[in-house]
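J.: I need the structure of the sequence given here:
(one chain, ligands or ions: 1)
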Amino acid sequence: MIFNLRAVSLVVVIINSGVVAEESQDLSIFPSLTFDDVGQYAKKMSGCTSTAKAYKFMAEPGYLHEIKVIRANDAVKIASKCFRSMKKNEPPHSLEVSSSMANNSLSGRCSCVAGSGGYCHHVIGLLYYLALLKQLGHRTLPDDLTCTSMKQRWSVPRGKKIEAKQIQNVLVKKPQLGASFNKYIKSNLYSPSPIYGTMTKEHFNSLQPKPLFVTIVPSEQDLRSVSFVPSKFGNVPKGCLISYQQKMSADYLVNDFTCTAFPDLPLESANDRFQNNVSVCLEANQQALFDSLSVTSEISLRVQEETITQSLSETWRLLRKKRITASKFGTVARRVSNFENLVSQLNPARFVQTPAMKRGVELEPHAATVYANVAKNGRVNLFPSGLIINPKCPWLGCSPDRKVYDLDALGSDQNPFGLLEVKVVREGATSFDDVRYLTKDNTNQYSLKKSDIYYYQVQCQLGLTGLDWCDFFSYMNDDMFVCTRILFDPIFFQGAKDKVDIFFFNYYLS
Ligand SMILES: [Zn+2]
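T.: Next comes the predicted model:
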């Protein structure tokens, strides 16, 4: 589901009959609808009053998706897709409900076998969903990800495909109406204690006869030559079962096991570090679009969790497209004219990845390891990050390369938690003198130019997350890199943000 931001609010499409229709997320043009109306509709269409199955479809997160409002000359239509119950590899059903302008009468249609007559569980499910949104007072269709605040877990595997999950993350619950969802069965195969010692032959000296496995356990003396690999429970000998059953994603790098979690972002303590100074009057369609961007703290955290694979994630791309993200922050803030063109420049119709960009993406994990183990001497932990949306200004967003826990900052007065931004220097470069965004002072120390978009990017990340520092790591090869710590500059960020906000509300949001 990829569409241009402008297309969301107002695109003119020609539908089959040749009638011109507008597509939007503006739910306010759909007439009011109650659960009772839906029950009446079901009864009228089929004489059937059992709508429990349809109700279940509505309540499943993501079951109905790609929902949009289409305004035609004579009716308001809501189009949607829904997953098939059984044949998950086949394309989803397309369905539509419409309300006639003349008399508000409802009709429906679905691509499933039962749906051609205007009645099937899918259509009724969509009607229930619309009734729910209407009753909650929504004026816009929420984004797929942010749409449901209804928690419900037994159908979690339902989706585009069933993802493999680690056994300890699987919760078994009873898929039954009214069952208690606090009670579930969970694997207790592993009991993670943060620190495990490694057993050696000497531990078994007192046992006679010795268990057979003792023959393959290293002696204390041999332990030094054993290579270790990280797992969720600490470093374990290479070849140990835990090293692959409980392996860490390559985006994690844990050197110190006293800190294996990062605080929730944005930090609550930093809520007042910037203001929203721009006020504008929005038109109805802009307001609808703007409303669809707003997130609660809870949803912000969920977005971070679900977008942690970043560019691999479809949601990440969709959510980014509607917002000004840190990588675009400088381009927008430094712009002085021709803002109309900037809108299309920020969202090109076609995304082209140059070989240089591809190389940067491929080398980033390695560069991050060099940062942690060479530049920082193994004194940091690295955590992956998803898209971070600050609920205070949900039209902005950022996806830092890594979140950093710095042991050495603990000793000083700095917050031990910060960020890492990795830039891979283009292929063939041999000196940092030629690198666009770096500048050298009279002691031959390189630092990031404050006028460069990368400086804007880092300040935007710090502003939105509430953290105080970001290590900017420019990587050429394993021996040549520049690592500078950039501190948050509230005045710089506020000035840039005001400019970005003006652009967003006057040009981008339309
Ligand atoms: Zn159907």
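J.: tell me which element residue 281 falls in.
T.: According to DSSP states H and E, residue 281 maps onto no helix or strand at all.
J.: show me the contacts for it.
T.: By C-beta atoms under 8 Å, 6 or more residues apart in numbering, residue 281 lies in contact with nothing. For glycine as for every other residue, the C-beta is placed from the backbone atoms N, C-alpha and C.
J.: What of residue 424?
T.: Residue 424 is in contact with 359-360, 363-364, 367, 475, counting by C-beta under 8 Å, 6+ apart.
J.: One more: residue 29?
T.: 69, 71, 76.
J.: Distance-wise, check it relative to residue 333.
T.: According to C-beta to C-beta, to the nearest Å, residue 29 and residue 333 sit 35 Å apart.
J.: What of residue 74?
T.: Separation of residue 74 from residue 333 (C-beta to C-beta) stands at 46 Å.
J.: Can you add pLDDT and distance to residue 59 and give the contacts of residue 424 back as TSV?
T.: As requested, the contacts of residue 424 are exported to TSV (pLDDT from 0 to 100; distance: C-beta to C-beta, whole Å):
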residue	pLDDT	distance to residue 59
359	90	46
360	88	43
363	91	44
364	91	40
367	94	44
475	95	48
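J.: which one of those residues sits closest to residue 37?
T.: Nearest to residue 37 among the contacts of residue 424 is residue 364, at 52.5 Å by C-beta to C-beta.
J.: Please verify my assumption that residue 387 contacts residue 305.
T.: No: using C-beta atoms under 8 Å, residue 387 is not in contact with residue 305; the gap is 10.2 Å.
J.: per-residue pLDDT, residue 233?
T.: In this prediction, residue 233 carries a pLDDT score of 70.
J.: I should have written residue 403 there, sorry.
T.: Looking at residue 403, its pLDDT is 95.
J.: Now for it, how many residues are close by?
T.: A count of neighbours around residue 403, defined by other C-beta atoms under 10 Å, yields 21.
J.: so what's it bridging to?
T.: residue 383, residue 419 (DSSP bridges).
J.: Got the confidence number for residue 162?
T.: Reported pLDDT for residue 162: 61.
J.: now do residue 496
T.: With respect to pLDDT, residue 496 scores 96.
J.: Verify the stated contact: it with residue 329.
T.: Yes: counting by C-beta under 8 Å, residue 496 touches residue 329, with 6.7 Å between them.
J.: any shared contact partners between those two?
T.: 456, 459-460.
J.: can I get those in TSV with secondary structure and neighbour count?
T.: Output for the shared contacts of residue 496 and residue 329, formatted as TSV (DSSP: H, G, I helix; E, B strand; the rest coil; neighbours: other C-beta atoms under 10 Å):
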residue	secondary structure	neighbour count
456	helix	25
459	helix	27
460	helix	26
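J.: Identify, from these, the entry nearest to the ion.
T.: For the shared contacts of residue 496 and residue 329, the minimum distance to the ion (C-beta to the ion) is 44.5 Å, reached by residue 460.
J.: Looks like that closest one contacts residue 492 (just checking).
T.: No: using C-beta under 8 Å, residue 460 makes no contact with residue 492, being 10.2 Å away.
J.: hang on, the earlier thing: looking at residue 496 and residue 329, which has the bigger crowd around it?
T.: Counted by other C-beta under 10 Å, residue 496 and residue 329 do not tie: residue 329 has more neighbours, with 28 against 21.
J.: Break this structure down into its domains, please.
T.: 22-136, 201-250, 258-509 (the TED database).
J.: Can you say which of those domains is nearest to the ion?
T.: domain 22-136 (3.2 Å).
J.: Need the distance between the two termini of the closest one.
T.: 25 Å (C-alpha to C-alpha, to the nearest Å).
J.: How about that domain and the ion, any contact?
T.: Yes: counting by C-beta under 5 Å from the ion, contacts between domain 22-136 and the ion involve 110, 112, 115, 120, 122.
J.: Could you count how many residues lie near the fourth one?
T.: Looking back up the chat, that one is residue 120. Residues near residue 120, counting by other C-beta under 10 Å, number 25.
J.: Below-threshold pLDDT in the chain: ranges please.
T.: Applying pLDDT under 70 to the chain flags residues 1-21, 47-49, 61, 85-89, 143-164, 168-169, 173-183, 189-196, 309-314.
J.: Get me the contact residues on it for the ion.
T.: Going by C-beta under 5 Å from the ion, the residues of the chain near the ion are 110, 112, 115, 120, 122.
J.: 6 Å - rerun?
T.: Contacts of the chain with the ion, taken as C-beta under 6 Å from the ion, map to 93, 95, 110, 112, 114-115, 120, 122-123.
J.: Test my guess that residue 282 contacts residue 291.
T.: No: using C-beta under 8 Å as the test, residue 282 is too far from residue 291 to be in contact (9.6 Å).
J.: What helix or strand is residue 65 located in?
T.: strand 64-71.
J.: Show residues contacting the strand or helix carrying residue 496.
T.: Residue 496 is part of helix 490-503 when elements are defined by DSSP H and E. Identification of contacts with helix 490-503 by C-beta under 8 Å, 6+ apart yields 273-278, 324, 329-330, 332-333, 335, 339, 342, 393, 395-396, 450, 456, 459-460, 462-463.
J.: hey, where'd the helices end up in this structure?
T.: 5-9, 35-46, 52-59, 121-135, 241-245, 284-291, 297-306, 314-321, 326-334, 339-346, 355-370, 407-411, 453-465, 490-503 (DSSP state H).
J.: Please identify which of those is closest to residue 267.
T.: helix 453-465 (6.9 Å).
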